[in-house]
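Undergrad: take this sequence and fold it.
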Amino acid sequence: MQIDLRPVRRRVFWLAICFSAVALYVNSTVREYRAVRWSNSTAASDLLLATRLEPGNAEHWYRLANSTFFLNPEKSEDAIASYKKAAAINPWSSRYSLDLARAYLAANQWQEQQAAVEHALQVDPMTPTTLRAAADFYLLQGQQARAFDLLRRVVQYDPERAGEAIELCWRASHDADLVMSRALPRSAEHYAHFLQFIISQNDLDAAPVVWSRLLSLQQQFPAATGIRYVSFLIANRRAAEAQRAWEQLAAADSTLRPYLPGANLVVNGGFERDLLNGGFDWWYEKLPGVSLSLDNSSFRGGERSLLIQFDGAVSDAGIREYVVLKPNTAYEFSAACRAELNGAHGATFEWSDTNRKIALASTDEMIGDSPWRMVRTSFKTGPDTHLVVVRVAHGDGLVRGKLWVDDISLVEK
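TA: Numbering: from 1, shown residues only. Below is the predicted model:
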């Protein structure tokens with residue numbers, strides 16, 4: 001009897017196919033596992049094996065290039081070859097192109113470097129990290145205008161990186177006009193940010209330039225920015241510039257117009273308006289042994305007064321105001337006070353010339369328990385006096401209790 005072997009052959013055939021498929025799958029899995037394991041290594045030999053196992057994987061070539069370049073910078077040519085392979089496999093990665101540009105830079109291949117940077121910008125024209133890296137390359141090449149154009153886009157697309165971009169532009173040029181013209185959008189927000197930065201650098205030449213350009217936009221900006229600018233000028237004893245800027249700020253922001261001095265040269269002398277803590281309004285700070293508050297339960301005029309509470313050895317109450325005055329001119333000062341103070345010495349108002357740092361006048365001490373009363377003094381400015389400051393001070397020793405102040409006035413005689 002003849003046996004039909006065809007079913008057996010079919011089974012053997014299909015088993016062979018299955019075994020082959022399993023073998024191929026296992027081999028592929030092993031190769032992939034080895035490639036992944038080697039690609040995660042920092043050893044160039046392992047990374048090279050990963051590229052041989054998976055030559056079409058751009059990331060393997062990129063990691064090999066990084067290992068070659070960053071561990072052995074002198075092998076920039078080898079790194080360039082690997083970066084180029086990664087970029088050829090995945091030409092849409094700006095990261096590959098930018099690192100290729102770094103390798104070209106190390107090899108002094110300027111044209112190739114610029115081509116790699118431009119390719120990165122072509123495939124990734126809006127990502128701030130790409131724009132910033134490209135700007136760095138152009139700054140190194142001395143192409144400042146191109147770099148600033150790229151940093152302008154960083155400022156536009158990523159407000160959180162605006163400060164970093166502005167600082168980089170300033171370090172590269174120290175030219176406020178250039179930074180605003182090429183690196184900043186015509187926006188009050190960005191100009192104000194730049195002004196804050198310039199103030200932090202204590203640059204008295206650049207700050208007025210930025211302030212003037214900010215005003216020329218005729219856009220709204222935070223009043224706090226203008227107040228800080230005026231305070232910066234005051235702190236540097238630029239009295240005339242500070243006065244002009246304060247008037248410009250009030251013209252731009254109507255909420256600040258009540259803070260302009262009139263016949264009474266002390267701004268907000270009745271404490272009816274919020275304290276701005278800067279500019280030509282009251283400046284205040286927290287000092288040990290003293291606290292400041294606005295009190296609407298006791299006042300001489302209006303609806304509230306300044307309450308100062310003392311508890312310790314206090315020489316300064318932590319509140320002051322700057323006033324622009326004329327040279328060689330007589331002035332009269334007055335203030336309403338109510339006291340509940342105990343100590344060897346009381347509190348006084350003191351006027352000083354900020355330029356010569358000398359005292360001009362002080363009132364009698366306010367001590368003991370007294371109802372509302374007026375304290376007065378007068379003084380004459382010197383030939384070079386332009387900016388003065390008034391503050392509440394205290395002599396030696398401990399003082400405890402409360403002092404209310406209201407209706408402060410300084411007028412020209």
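Undergrad: what are the boundaries of the helices in the stretch 101-250 of the chain?
TA: In the stretch 101-250 of the chain, the helices defined using DSSP state H, counting those that start in this stretch lie at 110-123, 128-140, 144-157, 162-173, 176-178, 188-200, 206-216, 223-235, 239-252.
Undergrad: quick one, which of these is nearest to residue 85?
TA: helix 110-123 (13.7 Å; CB to CB). All C-beta atoms are positioned from the backbone trio N, CA, C, and that covers glycine.
Undergrad: excluding residues flanking it in the chain, which one is nearest residue 353?
TA: Once flanking residues are discounted, residue 353 sits nearest to residue 385: 5.0 Å by CB to CB, 6 or more residues apart in numbering.
Undergrad: swap that for residue 369, please
TA: Nearest one to residue 369, counting by CB to CB, 6+ apart, is residue 340 at 5.3 Å.
Undergrad: for the one you found, what is the enclosing helix or strand?
TA: strand 330-343 (DSSP states H and E).
Undergrad: how far is that strand from where the chain is centred?
TA: Offset of strand 330-343 from its chain centre (CA atoms, centre = their mean, to the nearest Å): 41 Å.
Undergrad: what pairs with that strand, parallel or antiparallel?
TA: Using DSSP bridges, the strands paired with strand 330-343 are strand 368-380 (antiparallel), strand 398-412 (antiparallel).
Undergrad: how close does the residue nearest the centre of the chain sit to residue 95?
TA: By CA atoms, centre = their mean, the mean C-alpha position of the chain lies nearest to residue 163, the distance being 5.3 Å. Using CB to CB, to the nearest Å, residue 163 is found at 24 Å from residue 95.
Undergrad: can you count the residues close to residue 126?
TA: Residue 126: 12 surrounding residues under other CB atoms under 10 Å.
Undergrad: rewinding a little: and the helices of the stretch 101-250 of the chain as CSV, adding distance to residue 380?
TA: Shown next, in CSV, are the helices of the stretch 101-250 of the chain (distance: least, CB to CB, whole Å):
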stretch, distance to residue 380
helix 110-123, 66
helix 128-140, 56
helix 144-157, 51
helix 162-173, 44
helix 176-178, 40
helix 188-200, 34
helix 206-216, 31
helix 223-235, 22
helix 239-252, 17
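Undergrad: for residue 282, which of the ones you listed is the nearest?
TA: Nearest of the helices of the stretch 101-250 of the chain (CB to CB): helix 223-235, 11.8 Å.
Undergrad: okay, the strands paired with strand 330-343, which one's buried deepest?
TA: Highest mean neighbour count among the strands paired with strand 330-343 (mean count of other CB atoms under 10 Å): strand 398-412, with a mean of 19.
Undergrad: correct me, but residue 237 touches residue 357?
TA: No. Judged on CB atoms under 8 Å, residue 237 makes no contact with residue 357 at a distance of 10.0 Å.
Undergrad: these two: who's more crowded?
TA: More crowded of residue 237 and residue 357, by other CB under 10 Å: residue 237, with 14 against 9.
Undergrad: dump the residue contacts of the more buried one.
TA: Contacts were defined as CB atoms under 8 Å, 6 or more residues apart in numbering; by that measure residue 237 touches 354, 355, 387.
Undergrad: against residue 157, how distant is it?
TA: 41 Å.
Undergrad: so what touches stretch 292-299?
TA: With CB under 8 Å, 6+ apart, stretch 292-299 has contacts from 271, 275, 284, 286, 303-309, 317-319, 338, 404, 406.
Undergrad: buried ones in that stretch?
TA: Under the neighbour-count criterion of 16 or more other CB atoms under 10 Å, stretch 292-299 has 292, 295, 299 buried.
Undergrad: tell me if the last one really is in a strand.
TA: Pointing back at residue 299 there. No. Using DSSP: H, G, I helix; E, B strand; the rest coil, the assignment for residue 299 is coil, not a strand.
Undergrad: got a pLDDT number for it?
TA: Looking at residue 299, its pLDDT is 94.
Undergrad: next, it: phi, psi?
TA: Dihedral pair for residue 299: phi -160, psi 160, per degrees, to the nearest 10.
Undergrad: try the first one
TA: Per-residue torsions, residue 292: phi -120, psi 140 (degrees, to the nearest 10).
Undergrad: report pLDDT for it.
TA: pLDDT, read off for residue 292, is 97.
Undergrad: so what's residue 347 up against?
TA: Contacts of residue 347 (CB under 8 Å, 6+ apart): 308, 310, 317, 339, 341, 365-367, 392-394, 399, 403.
Undergrad: flag the least confident of the residues you listed.
TA: residue 394 (89).
Undergrad: identify the residues contacting that residue.
TA: Applying CB under 8 Å, 6+ apart, the residues contacting residue 394 are 310, 314, 315, 316, 317, 343, 345, 346, 347, 348.
Undergrad: of the residues you listed, buried ones?
TA: Applying 16+ other CB under 10 Å to the contacts of residue 394 flags 310, 314, 317, 343, 346, 347, 348 as buried.
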